[in-house]
Each structure stands twice: as structure tokens, then as C-alpha cells.
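Trainee: Quick one: sequence and predicted model below, then my questions.
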Amino acid sequence: MQVRRMEYIHSKDIFLLMRDTLKLIDRRVMDHGSGVAYYLYKMLECKGGYEKFELADFVFLASLHDIGAYKTENPKEMIRYECKETMAHVAYGYLVFKHLSPLSELATIILHHHTDYSQLEAMNYEYKDIAAALSLAEKVDIFSLALGDKFDVKMFQKQAGTVISAEALELFEETVQKYDVLRKVKSGAYKEELDDIIGYMIFTNEDKKKFMEMLTYCQGFRREAAVVGSVVCMCISEVIGEKAGLSVLEKEQLYYGALLHDIGMLAVPNLITGAPRSLTSEEYEKVKMHVHLAERVLKNRMADEVVEIVAAHHERCDGSGYPRGLKEVQMNRSQQIVQFADAVNALMGSKAYRPAFKDEEILELIRKETAAGKYNKAISKIFFDCYNEIMEYVRVRAEETMSTYKKLNQQYSQVSEKLRER
């Protein structure tokens, strides 16, 4: 597959898009990440010796250092996963960054951000000082939030040299005096500085592509089937787009529109998506909101053409779709391709209340709905003409996706076991 250029999204917007998308699952985890990232940033700035782009990478990592918490049963129980049962989110966060992120060389920082300094100090590890600083920054954010005005950083003095790094503690105290970081985080004034440093992020076009695919895998924090569904939609769209003669730029936009079309579903509770019955009208309205949420997160971050594809993926050519009830003449080919591919994907996948449709059932339903005016006839014809080719491509890519998940889960068990042995 060709490497897509991604020239229409800036490095800073990659970060903002990932942050705001993960907030759809639970805002608290990312707000905590922002506070920790700011403390780490100012500690390293106070220490000196880092270029702006290096600081920006550490801020990115620190902002997402608890990404593994989204895989826990309840990411809202911060005290539980941060102070009592740390292994699960540490191990999974490490593996997500190691295997799915362009910042894989920094992933071990996440692995050790709950390691006692007495153990960390003995390791031959390039970024152990960063891990030690991140560990302290995290503790500061948790306890300052819990204790409010009663918080005093000197409360960590008894743990200096054992649980936490004495050097990191001294550096943080200096940072408080120099930058007044505790007050800025409490008031929210820090956000402007954080936004400024992430402007120094430098990602290649291949990095950007990988981050977008990492974001797609994040949909699996709620439902693993959602990741496969996005890949299936993307595969169907790619083949149809190629056969339809789309330009190189249109195919790039189509790819990312299909890949990200369902990110708004991260905000829909599993009790609704996994309901073993047809949804109530109220539940269905909540599901429909995922289009607006995805559009809001992507707007001003991705190219307008990509946002429009995502916003129209539940529209229908006869005007019966949502949220705007657009008709065929109001939509371009890329929008019509993704909505068609998404509809086919929905039929291919099993639901809690029904099994997946068989091939002949899918073809018959699509044939009927095309005749009724729901789908573009030319797109539908390409699908029927190339059905075997499309399904084979879907099968191969779906297997690749599940292989990645199996690799993550296998290594998760191994890493968790090693953490237990410490």
C-alpha cells in the first residue's frame, strides 16, 4: 500500500486530535495527563539541556502516559489504577506506544513510571531520569488534586531516594519557585504554555499516518470489533475508490475518512452498543450523536474533505439518512463510497442481537436498497463486479489487524508477569 502524504494535517493537530478523541471515552484521564505533562515539561525546562522538539515529544508521551487506563474496567477510578493496581494500565500503555506509535523508543518511560526509584536507579536505561520525573509529576498531580490547599510537595521528602528520585523532587521544588506551576495547574493557566510547546512537535508524513492508525486501534479500548469494522470499511472504500478513478488526493482523503469515520462511537456506552436487542428510540438518538462528536473532534484538525466524509457516513442518496438528510446531488463520490462501505460493514459484522449476514444475504439487501435509491448505482455496481476481490482484501487486512491485537494481548500477559515479579 502506498505511503499517504498527510500534508493536510499539522503535527500539533495530530496530538490535539488524539487527546480530544480519547476524551470522548473519559475526560478525566486526559485532564490528568495534561497536568502531568505540564509538570514534566517545566521540570525538564528548568533542568535545561533539551531542545524544544525533544520537550514536545516528552509532553506528548506524558499527556498519554495513562492511555492504558482506558483498557481497565473503569478508567474513572484513578486512585485505584494509579496507586493500588498499576500493572494493567502500565503494561498496556507501554505496549500501545511500543507497537503502534512512532515514539516507540520512548515507550519504556511509560513502563517504568510506577517503578520505585530504588529499582529504577539500578537499571541501565537511557530515559530513567525522565521516568523518575514523570513518576513524581504524576504523584504531584494526583495528591494536589485530592488535597487541594493542604497539599505540600514536602510530603514526599520521606520517600526521596527510595520510592521517588531525590533529584526529581529537588528539581520540582525549584520548578515551583521558578515557574509557580502548582498555581498555574490549579487555575488552568498552564494550558497556554502546554499548547505552545506542542507546536514544536515534528512528525514525518509516515509518523502522521501511523498516529492515525494508532487512533483507530484506540477504538478497541471500548470494543475490539470496532477496530476491525473501521479496517473493513477502509478496505471496501479503497477498492471502490480505485475502481471509480479517484485522484491520488481523493484516495488519501477517502482512506482517512473511512479509517476515522466511527471515532465518535467512543462516547457511546457499551450498554447501548452491546444491547442484546433492538435499541429504544432514546438509545438510537444517543448513537446518532456519534456523527456530530466525530465531526467536532476532527474539525479544524483534518482537511475539510476528510471531515465531510466522516460527517456524511450515515447519509443516504434518497435523503433518508442522518444527521442532515442529504441527497445524492449534495454529496461527492468519496462521501457516497464511505457511507456505502460502512453499510456493507454493518451487515458483515455480528451484533449482540443478531449474527452476521451471509454473503448472499448481503448482496440481496444491497441490491434492494440500491434499487430503492439509498446508494449510488455506479458505486453499487463496482461492489458487485469486484465482490470477490473486495472480500479477499478485507479478509487479509482483518487478519492483520487481529494479529496485531493478539500480539498486544500475548505481550501484555508477559509484561504483566514481569511487573509482578519486581
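Mentor: All right, it came through fine.
Trainee: Quick check: which element contains the residue nearest to Gln157 when sequence neighbours are not counted?
Mentor: Nearest in space to Gln157, with sequence neighbours left out and distances taken as CB to CB, 6 or more residues apart in numbering, is Leu169 at 7.1 Å. C-beta here means a position set from N, CA and C on the backbone, and glycine is covered the same way. Secondary structure from DSSP states H and E places Leu169 in helix 166-179.
Trainee: can you give me the offset of the next helix or strand after that helix from its chain's centre?
Mentor: Remark: after helix 166-179, the chain's next helix or strand is helix 181-187, criterion DSSP H and E. Averaging C-alpha positions (CA atoms, centre = their mean, to the nearest Å) puts helix 181-187 27 Å from its chain's average.
Trainee: How about stretch 240-260?
Mentor: The answer for stretch 240-260 is 22 Å, by CA atoms, centre = their mean.
Trainee: How about stretch 203-217?
Mentor: 10 Å.
Trainee: Packing partners of the longest helix out of those in the chain?
Mentor: The longest helix of the chain (DSSP state H) is helix 387-421. Packed against helix 387-421 by the contact rule (3 or more CB pairs under 8 Å, 6 or more residues apart in numbering; DSSP states H and E) you find helix 87-100, helix 224-243.
Trainee: Show me what the mean pLDDT comes to for it.
Mentor: Computed over helix 387-421, the mean pLDDT rounds to 81.
Trainee: Now do it and helix 224-243, the angle between them.
Mentor: Going by axes from the mean of the first three to the mean of the last three CA atoms, to 10 degrees, helix 387-421 is angled at 140 degrees with respect to helix 224-243.
Trainee: buried set for helix 387-421?
Mentor: For helix 387-421, burial by neighbour count (16 or more other CB atoms under 10 Å) applies to 387, 390-391, 393-394, 397-398, 401, 404, 408, 411-412, 415, 419.
Trainee: Number of residues surrounding the residue nearest to Gln157?
Mentor: 23 (other CB atoms under 10 Å).
Trainee: Could you verify my assumption that it touches Met155?
Mentor: No - between Leu169 and Met155 there is no contact under CB atoms under 8 Å: 10.4 Å.
Trainee: Give me the distance between the residue nearest to Val415 when sequence neighbours are not counted and Tyr217.
Mentor: Closest residue to Val415 apart from its sequence neighbours, by CB to CB, 6+ apart: Ala91 at 4.2 Å. Distance of Ala91 to Tyr217, given as CB to CB, to the nearest Å: 16 Å.
Trainee: more neighbours, these two?
Mentor: Ala91 (25 against 20).
Trainee: doesn't Leu408 make contact with that one?
Mentor: No - counting by CB under 8 Å, Ala91 stays clear of Leu408, with 9.9 Å between them.
Trainee: pLDDT below threshold where in the protein?
Mentor: For the chain, the stretches with pLDDT under 70 are 1-8, 72-87, 413, 416-422.
Trainee: ok so, going back, tabulate the buried residues of helix 387-421 in a markdown table, adding columns for distance to Lys186.
Mentor: A markdown table is the format used below for the buried residues of helix 387-421 (distance: CB to CB, whole Å):
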| residue | distance to Lys186 |
| --- | --- |
| Tyr387 | 59 |
| Ile390 | 54 |
| Met391 | 56 |
| Tyr393 | 52 |
| Val394 | 50 |
| Arg397 | 47 |
| Ala398 | 47 |
| Thr401 | 42 |
| Thr404 | 40 |
| Leu408 | 37 |
| Gln411 | 38 |
| Tyr412 | 36 |
| Val415 | 35 |
| Leu419 | 32 |
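Trainee: Now flag whichever of the residues you listed is closest to Met43.
Mentor: Leu419 (25.1 Å; CB to CB).
Trainee: Taking the centroid of the protein, which residue is nearest it?
Mentor: Geometric centre of the chain, nearest residue: Leu215, 3.4 Å, by CA atoms, centre = their mean.
Trainee: Contact partners for that one?
Mentor: 17-18, 21, 260, 263 (CB atoms under 8 Å, 6 or more residues apart in numbering).
Trainee: May I ask which of those residues has the most neighbours?
Mentor: These, ranked by neighbours (other CB under 10 Å): first place Leu260, 27 neighbours.
Trainee: Verify the stated contact: that residue with Thr216.
Mentor: Yes - contact criterion CB under 8 Å: Leu260 and Thr216 qualify, at 6.9 Å.
Trainee: Now list whatever residues contact both of those two.
Mentor: If you check Leu260 and Thr216 against CB under 8 Å, 6+ apart, the residues they both contact are Ser230.
Trainee: Show the contacting residues for Val239.
Mentor: Neighbours of Val239 in contact, by CB under 8 Å, 6+ apart: 386, 389-390, 393.
Trainee: Go again with 6 Å.
Mentor: 390, 393 (CB atoms under 6 Å, 6 or more residues apart in numbering).
Trainee: Could you do Ala131 as well?
Mentor: The contact partners of Ala131, by CB under 6 Å, 6+ apart, come to 109, 112-113.
Trainee: follow-up on the earlier one: output the helices and strands packed on helix 387-421 as TSV; include the columns distance to Glu193.
Mentor: Compiled in TSV, those are given as follows (distance: least, CB to CB, whole Å):
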stretch	distance to Glu193
helix 87-100	24
helix 224-243	35
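Trainee: what about these, which gets the closest to Lys42?
Mentor: Closest among the helices and strands packed on helix 387-421, using CB to CB: helix 87-100, at 22.5 Å.
Trainee: Off-centre distance for the next helix or strand after that closest one?
Mentor: Sequence order places helix 107-111 as the next helix or strand after helix 87-100, per DSSP H and E. Remark: helix 107-111 is offset 18 Å from the chain centroid, using CA atoms, centre = their mean.
Trainee: who touches helix 107-111?
Mentor: Here helix 107-111 has contacts from 65, 93-94, 97-98, 127, 130-131, using CB under 6 Å, 6+ apart.
Trainee: Might you report the residue contacts of Lys71?
Mentor: Counted by CB under 6 Å, 6+ apart, Lys71 has contacts 92, 221.
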